[in-house]
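**Q** What follows is a predicted protein model with its sequence.
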Amino acid sequence: MSPKNDQEIMNEYLSNERTLLAWLRTGIGIMVFGFVAVKFSLFLKQLPTKYLAETLPPNSNFTIYLGIGLLVAGALTILLSYLRYIHTIKLLKKGKYQYSTAMLTFITMMLFVLSISLIAYLIIAASA
């Protein structure tokens, strides 16, 4: 295998930056969804009952907690992506980059659990 030239090395660094930016967008998107969930829950609680004659919003604060969980998940995504970015830079400088799926697996599982919680809540709220 031939040694890498300057262009290939620069492409690796730029690829790492693009990956960080993609994870930042993902984290922000997760946080926005959490913020909307919390704000919508608070909005429903503030509506007078005359506007909700047939239906009553659930008294549970689960949506607020779920929204806060999504905000935390988004913040963790941003933090973990930055830490992974720094780690990858160090490995690239040493020429010893190793692919790892640990962060991706953690974030995927965290979002999966939050998604299942939201689905369960919506099913319970719809049947009540």
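**A** It's in.
**Q** and the next element down the chain from the longest helix seen in the chain?
**A** Counting by DSSP state H, the longest helix found in the chain is helix 6-46. The first helix or strand that comes after helix 6-46 along the chain, using DSSP states H and E, is helix 62-94.
**Q** Pull out the buried positions in the next helix or strand after that following helix.
**A** Note on helix 62-94: by DSSP H and E, the next helix or strand toward the C-terminus is helix 102-127. Using 16 or more other C-beta atoms under 10 Å as the test for burial, helix 102-127 gives Met103, Ile107, Met110, Leu111, Leu114, Leu118, Tyr121. For the C-beta atoms, the positions are set from N, CA and C on the backbone; glycine is no exception.
**Q** about what we covered before: chain center to the longest helix of the chain: distance?
**A** 7 Å (C-alpha atoms, centre = their mean, to the nearest Å).
**Q** which stretches of the protein have low pLDDT?
**A** 1-2, 44, 47-60, 126, 128 (pLDDT under 70).
**Q** try it again with 80
**A** Across the chain, residues meeting the criterion (pLDDT under 80) sit at 1-4, 40-62, 121-122, 124-128.
**Q** coming back round to it: tell me the one among the buried residues of helix 102-127 nearest to Asn5.
**A** Met103 (29.5 Å; C-beta to C-beta).
**Q** pretty sure that closest one contacts Tyr85?
**A** No: counting by C-beta atoms under 8 Å, Met103 does not reach Tyr85; the two are 10.3 Å apart.
**Q** Give the burial count for the spatially closest residue to Gln98 that is not a sequence neighbour, as a bare number.
**A** Distance criterion C-beta to C-beta, 6 or more residues apart in numbering; nearest residue to Gln98, sequence neighbours excluded, is Leu91 at 6.6 Å. The local packing of Leu91 (other C-beta atoms under 10 Å) involves 15 other residues.
**Q** what's the distance between Leu91 and Leu122?
**A** 42 Å (C-beta to C-beta, to the nearest Å).
**Q** And Leu70, by the same measure?
**A** Taking C-beta to C-beta, one finds Leu70 at 14 Å from Leu122.
**Q** Then Thr88?
**A** Thr88 sits 38 Å away from Leu122 when distances are taken as C-beta to C-beta.
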